[in-house]
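Engineer: Fold the following for me, if possible:
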Amino acid sequence: VNGNLVQDSFQRESLGTVARFSLTDGKNVLPAIYDGIVPELFFNEQSQIVLEGYYGSDGVFHAVTTPIVKCPSKYQAQAS
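Structural biologist: Numbering: from 1, shown residues only. As a prediction, this is how the structure comes out:
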């Protein structure tokens, strides 16, 4: 799945590596959980986050691999 981090949704358990957060496509919100270290760019609101894992019966997406953070392109097409 992929989407943008919902502002202020990131929470990490104290003294642990479990992170809870939500992603959005602009319409829908998907709660997610990941146990591990997240990339520093994870907190950039302009970045798109890609998660691999499974949707649990608890209604939460469980990421099983390190989240991938896609940065927005800094290049724009030249106007003709």
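
Engineer: List the buried residues for the least confident helix or strand in the chain by mean pLDDT?
Structural biologist: Of all regular secondary-structure elements in the chain, judged by mean pLDDT, DSSP states H and E, the least confident is strand 68-70 with a mean of 84. By neighbour count with 16 or more other Cβ atoms under 10 Å, strand 68-70 contains the buried residues V69. For every residue, glycine as well, the C-beta is placed using N, CA and C.

Engineer: List the strands paired with that strand, with their directions.
Structural biologist: In the sheet containing strand 68-70, its partner strands are strand 48-50 (antiparallel), by DSSP bridges.

Engineer: Packing partners of the helix or strand following the partner strand?
Structural biologist: Moving toward the C-terminus from strand 48-50, the first helix or strand encountered (DSSP states H and E) is strand 53-55. Applying 3 or more Cβ pairs under 8 Å, 6 or more residues apart in numbering; DSSP states H and E, one finds that strand 53-55 contacts strand 61-63.
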